[in-house]
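**Q** whatever this is, show me its structure:
(2 chains, ligands or ions: 2)
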Amino acid sequence: MNDQNSQPKIENSQSTPPLLRLTDVNTFYGPIHILQNINLEIYPGELVCLLGGNASGKSTTLKTILGIVTPAGGTVEFQGETVQDQPTSYRIEQGMAVVPENRRIFGDMSVHENLLMGAYLRTDHQQMKQDLERVLELFPRLKERLKQFGSTLSGGEQQMLAMARALMSRPKLLLMDEPSMGLAPILVEQSFEIIQQINREGTSVFMVEQNANMALSIANRGYVLQTGRIVLADKAKNLLNNEQMRHAYLGH
Amino acid sequence: MSVEKNTQPTNPESESSGDPRTGASPRAGDSPRIGVDEWVAQADERKQARSGFWGTIANRWETIPVFWRIGFVAFILILAPIVTNTTPVLSLLDISNNDFMVRVGATFLAFSILAIGLNVVVGYAGLLDLGYVAFFGLASYGYAYLSSDFIGAGVHVPYFISIPVVVAFTALVGYLLGSLAIRLYGDYLAIVTLGFGLLFFQLAQTLTRVRFFWLERPVDLTRGPNGINNLDAIPLITSRIEESIAYGYIYLFGSTFTPTIKYYFLFLIMLGLVVLVVHHMNQSRLGRGWRAMREDDLAAEVMGIPVRHLKLMAFATGAGIAALAGATFAAWQGNVVPIRYNVLALINLYAMVVLGGLGSLPGVIIGAFIYTLLPEILRNVVYATTLFYVGGLIGLVAWLEPSKRLVMVLGGTFLAGLLLKFLVNLLWPGFDTGVAPTEGFFLNQWAQSWLIIPANFTTAGNLAIGAGIAALLATVSIKNWWRYVFLGLTIYLFGFAWETRLAVEPSVTRILVVGASLVVLMITRPQGLLGKLRVEIL
Ligand SMILES: Nc1ncnc2c1ncn2[C@@H]1O[C@H](COP(=O)(O)OP(=O)(O)OP(=O)(O)O)[C@@H](O)[C@H]1O
Ligand SMILES: [Mg+2]
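**A** Numbers count the residues shown, from 1 in each chain, chains lettered A, B, ... in the order given. Ligands and ions are numbered 1, 2, ... in the order given. Next up is the predicted model:
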């Protein structure tokens, strides 16, 4: 099942230009060198995951892609355009969206308003309404709670809201920082199914995960980050069978 | 239903609240509905669940369409200066100065505008800007430079040019200060902007001998603490129109169209425009962005909201609004003096915004109203004393509710006071011989015939303020019946402090009252009078 999904895409993708490409990216927090010569690319339609231990720099990679931190060296290209000097809002406008670490729901706003925030840069109100419907179909629980304040949602519901909110911008590339964090096993499975569905409908996904087994089971490819360097990059299937990988992250 | 109505025709409340005795409760749907998520179903109702006196009034008020509500307030605001300036009203209130009420009104309107500007920065954008009064001051000085004899042989730019120029310039300064401070968060932003505010005040006071290398003599830029005088007045639209309005005004109302009334209406027009613009801004995408950014600016950033731009917009808008009020205020007063732009003014503005409720325009205006009126009331011993005792009594009733406890506290305090006075006079004749500075008004006389007033009461009065606050804290923190003893003590001490010190020291009392009202507010209604309750996440 996985092979059917992932195999053909990888072959296609190499011929088309990548949606996102990081070339020799180096990122610092003050004097601390976090990301060291990161190279990665994501092709249209792909579902790619980024694995790594705590503090290996996964969130920093996403922040660099989004422009919350600026790399000291290297280039970030999105749809062939160099964007590392552009502000975050520009990159969102160009088609990135993120489900941030720890969800970061607006607690003082209703679920509905949270969703509208995801579509902040959009002006096509007709389309937005349709997308709202579509997103609420994807997450029926949110539909019941449209008027409820974000802060009164349960952790799992907040995670769904974060995902739904990101989708409201109709992203070309959906970045996710640990979407399974704090979810019960059954919810993890559900949300991974939804991620797959989103991906099947044409959105490329770049996903940071601790849950390496699950992530690799739905991904096309994966990168493994260790203290700021990419130490492994391969097809998901190969990573699942990789000795080192199994030893370090998969735990069997 | 109609039968029930007939049996209790005098009590309209029973209909809405449901009378358990008749058994016909209109809340029959109170039992949980299976299959309906109660939390979801109640989301709307929770907002509406307001009760008590103010809750009822607020609910009634909100059933009126917005258009009529605004119309009603505008009608009152337009009529107020005309009515209050008539002889019968003035003599009723025992006020000899014709323009007094209108002046208070115009000050209220000016401060409403200022507070709305501050509300944009602090309430909407969530930026703790402690340099806000500097923009108010900057605009006043800007207007002084453009419209007085201060520079050279005198520069007299017409108001429809000078005010836009001053507003644009001040907004630009706000923008620049914002871009310097934008990387700072919370406390740091507050400190840097406070520094800016203090710097402005210092410079305004000291820049009297500035040397420019191309000039031989030092130049006086501000005239120091005395400020700049004789600023040009602003006409109502044009001086021709103002003349005809003044003529019509005398014809219609029989009294003079004084400059104070004119500025009252100028401020009213400006307030209307500012409310319109700010409300529109807040309803638009900009306002939604502010809201998101105020709550979590990283999350806002990754929604694509241009956080930096929005912060600068807030700074510039706030500064621009302050400038509009500042220039007009300076023109009204005819002068600029640095003291008007000091930290006390800042505290006053913050008190207005916080009391009314951060982020709520009607709230901020009510805050401005209360804190403008308060010092005026305190200045008059009779009004102040009435407010003090009646307000205190209302506070007591609100806290204890009409109950046995209330009667016991009041009666007990009264008897204990009498007993104390009797004992002191018996054991220590000659001690209770002081004459408090407040005489004449019957409430003062009653209080003084009950209190012990020593000959030298000044120190005792000052001590009583501190002791009263301590007793109040004890009352609030103790949980058993001792609290009522301390409550009695609090009443006695504050009564004493009022009669000996507070009633005749309005400037001290004002600060105490502002502080006390904010403390009470923080305890009972942290979101401000009209602010929305924020749900805390634990
Ligand atoms: N703002 C910051 N300032 C300084 N150091 C930071 C900052 N943010 C992150 N770091 C450091 O950078 C390193 C990488 O952090 P990052 O958040 O990217 O880790 P991560 O891989 O996402 O970890 P986790 O799985 O725990 O979320 C950590 O050592 C962290 O302490
Ligand atoms: Mg992380």
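**Q** now do the SS call for residue A:208.
**A** strand (DSSP: H, G, I helix; E, B strand; the rest coil).
**Q** go ahead and confirm it touches residue A:48.
**A** No - counting by C-beta atoms under 8 Å, residue A:208 does not reach residue A:48; the two are 10.3 Å apart. C-betas here are computed from N, CA, C, even on glycine.
**Q** so which elements touch the helix or strand containing residue B:397?
**A** Under the criterion of DSSP states H and E, residue B:397 resides in helix B:381-400. The helices and strands touching helix B:381-400, judged by 3 or more C-beta pairs under 8 Å, 6 or more residues apart in numbering or on different chains; DSSP states H and E, are helix B:361-379, helix B:404-427, helix B:442-450, helix B:482-500.
**Q** so which of the ones you listed comes closest to ligand 1?
**A** Ranking the helices and strands packed on helix B:381-400 by distance to ligand 1, with C-beta to the nearest ligand atom as the measure, places helix B:361-379 first at 35.8 Å.
**Q** quick one: that closest one to chain centroid distance?
**A** Centroid separation between helix B:361-379 and its chain, computed with C-alpha atoms, centre = their mean, to the nearest Å, is 4 Å.
**Q** now do the buried residues in it.
**A** With burial defined by 16 or more other C-beta atoms under 10 Å in any protein chain shown, the residues of helix B:361-379 counted as buried are B:361, B:363-372, B:374-378.
**Q** ok and that helix relative to helix B:381-400, angle-wise?
**A** 130 degrees (axes from the mean of the first three to the mean of the last three C-alpha atoms, to 10 degrees).
**Q** which residues are in contact with helix B:361-379?
**A** B:104, B:107-108, B:111-112, B:114-116, B:119, B:123, B:271, B:275, B:278-279, B:348, B:351-357, B:383-384, B:387, B:506, B:509-510, B:513-514, B:528-531 (C-beta atoms under 8 Å, 6 or more residues apart in numbering or on different chains).
**Q** now do the contacts for residue A:102.
**A** residue A:181.
**Q** any figure for the gap between it and ligand 1?
**A** Remark: distance between residue A:102 and ligand 1 (C-beta to the nearest ligand atom, to the nearest Å) = 9 Å.
**Q** what do you get for residue B:304?
**A** Taking C-beta to the nearest ligand atom, one finds residue B:304 at 21 Å from ligand 1.
**Q** before we move on, what SS does the residue in the stretch 1-150 of chain A that chain B sits nearest to have?
**A** Going by C-beta to the nearest C-beta, chain B is nearest to residue A:92 of the stretch 1-150 of chain A, at 3.1 Å. For residue A:92, the assignment made with three-state DSSP gives helix.
**Q** need the nearest residue in space to residue A:56, chain neighbours excluded.
**A** Nearest residue to residue A:56 in three dimensions, chain neighbours excluded: residue A:225, at 4.6 Å (C-beta to C-beta, 6 or more residues apart in numbering or on different chains).
**Q** any chance of the backbone angles for the one you found?
**A** phi -110, psi 140 (degrees, to the nearest 10).
**Q** is it true that residue A:169 touches residue A:116?
**A** No - the pair residue A:169 and residue A:116 does not pass the contact test of C-beta under 8 Å, sitting 10.8 Å apart.
**Q** of those two, who's got more company?
**A** Ranked by neighbour count (other C-beta atoms under 10 Å in any protein chain shown), residue A:169 and residue A:116 place residue A:169 first, with 24 against 20.
**Q** residues touching that one, list them.
**A** Taking C-beta under 8 Å, 6+ apart, one finds A:92, A:95, A:97, A:118, A:119, A:120, A:121, A:122, B:303, B:304 in contact with residue A:169.
**Q** ok, then the element right after the helix or strand where residue B:331 lies?
**A** Element membership for residue B:331, per DSSP H and E: helix B:307-333. Helices and strands here follow DSSP H and E; after helix B:307-333, the next one along the chain is helix B:343-356.
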